[in-house]
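Novice: make a model of this:
(one chain, ligands or ions: 1)
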Amino acid sequence: MPVGGGAPVSVQSMTTTKTADSEATITQIYALAAAGADIVRCTCNEPAAAEGLARIVPRSPVPIIADIHFHHEMALAALEAGVHGLRLNPGNLRKEHEIKQVASEAKDRGVPIRIGVNAGSLHPDLYKRFGGATPEALVESARMELAYFEDVGFDDVKISVKASSVPLMIEAYRLASETFDHPLHLGVTEAGPPPGGLIKGTAGIATLLAEGIGDTIRYSLTADPVEEARAGRQLLEALGLRERKGLDLIACPSCGRAEIDVIAVAKAAQQALEERKLPIQVAVMGCVVNGPGEAREADLGIAAGRRRGHLFIKGTIVRVVPEDEMVDALVAEAERLVAEGIDARLAAADAGAAAEAEADRRDLLAGKGVDANASEERIELIRKKYGNHAEG
Ligand code: SF4
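Specialist: Residues are numbered from 1 along each chain as shown. As a prediction, this is how the structure comes out:
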């Protein structure tokens, strides 16, 4: 898994199992890889964890990185276990000769190291010197560690300067990208549970990626790490930095024109299409007045009109189906579309579908369609029941 040097941005996550429990850990690694993780990190905090790594590494579908804090012996043990990478925290692994010993050993084995600076565990001297965990302090911590590595001729390094504050993290990475030529690992640390954690992670990571900064990313969520891996993958796909592997569902936010319960239909469609792992873009639109036009770039879509669903491919109506068959029809067409291709499915469009759809659309535009919110009836009812209750 190349990182940096123009390689596609990769997704990382971290196991939450005890690394010593190699069976549970390998199960979680497989789940993370299936959700989109390219690289997985496991803590190596005790000799039993290093033993676990020796069992995990040969069975893992993705490269394994050992996460090291405080004890440089655990870095050496992890190298012995055959890990593909190390992460060292310069804030709590501070002895120069120990750091150099690890770097020399990693160099001999051709194993890269991430210098993982964290605002929350910054070296106390730097905290004092810079008056806090400033962007300059975080970058200086990485620079000092890098200088130790360079002393022993080791340069196979990634750098991270994470913080739980998004503005601080953004500034620190901007400074790091000006200071270092090394690949950068992006993350907002301790972002918390979703949805807040996802928003914080995305705010920091996406801002930097959009500026061309960052080579590998990790969401740090207080959640099942599968959510981290999924979010990382989805972010890269949304930014066009990785090829789409799964479904991309577009759905309108719904509004007063909606002819269906857009939220329920979008959820049902998402669940059914994700289960089938179809790599296409699908749109669910609440009305036919704007739906097919606005979602014309989608491979496939459905829009609601007069209790019927208009199924469209690249904006062209191919079938009109009853409302209660909308999701089933969408899923069936999605499967055929992936199997047969867009041109074949456009050629197989129902004759007359476009004309039927156009009639629905005109009716709705003319205000002759079903009033989904039943406003007129409700107003009539209010007038009847409460019309005589005016104040005074
Ligand atoms: S597609 Fe129709 S229902 Fe959905 S937001 Fe647009 S106008 Fe409203």
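
Novice: what residues does the protein have near the ligand?
Specialist: 252, 253, 254, 255, 257, 258, 285, 286, 287, 289, 290, 291 (Cβ under 6 Å from any ligand atom). Bear in mind the C-beta positions are built from the backbone N, C-alpha and C, glycine included.

Novice: now with 8 Å?
Specialist: Neighbours of the ligand within the chain, by Cβ under 8 Å from any ligand atom: 252-259, 262, 285-291, 294, 303-304.

Novice: mind listing which of those are in strands?
Specialist: 285, 303, 304 (DSSP state E).

Novice: now pLDDT and neighbour count too, for those, in CSV please.
Specialist: As requested, those are exported to CSV (pLDDT from 0 to 100; neighbours: other Cβ atoms under 10 Å):
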residue, pLDDT, neighbour count
285, 91, 31
303, 92, 30
304, 88, 27
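
Novice: which residues are contacting stretch 11-29?
Specialist: Identification of contacts with stretch 11-29 by Cβ atoms under 8 Å, 6 or more residues apart in numbering yields 32, 35-46, 48-49, 51-53, 55-56, 59-62, 64-65, 67, 185, 216-219, 224-226, 228-229, 232-233, 236.

Novice: stretch 282-297 now?
Specialist: Contacts of stretch 282-297 from elsewhere in the structure, counted by Cβ under 8 Å, 6+ apart, are 247-252, 254-255, 257-260, 262, 265-266, 269, 273, 281, 298-305, 310, 312, 314-315, 317, 330, 334, 357, 360-361, 364-365.

Novice: hang on, residue 11 is in a strand, isn't it?
Specialist: Yes: going by DSSP: H, G, I helix; E, B strand; the rest coil, the assignment for residue 11 places it inside a strand.

Novice: once you drop chain neighbours, what's closest to it?
Specialist: In space, not counting the residues next to it along the chain, residue 11 is nearest to residue 232; the distance is 3.6 Å by Cβ to Cβ, 6 or more residues apart in numbering.

Novice: who's in contact with the one you found?
Specialist: Under the criterion of Cβ under 8 Å, 6+ apart, the neighbours of residue 232 are 11, 12, 13, 36, 37, 217, 218, 219.

Novice: which member of those is positioned nearest residue 133?
Specialist: When the contacts of residue 232 are compared for distance to residue 133 (Cβ to Cβ), residue 218 wins out at 19.2 Å.

Novice: so, low pLDDT: which residues of this protein?
Specialist: Low-confidence regions of the chain, defined here as pLDDT under 70, cover residues 367-376, 390-392.

Novice: tell me where it has strands.
Specialist: Counting by DSSP E, the segments of the chain that form strands are 10-14, 39-43, 64-68, 85-88, 113-118, 157-162, 185-186, 216-218, 248-251, 281-285, 300-305, 308-313, 316-322.

Novice: cool, thanks, talk later.
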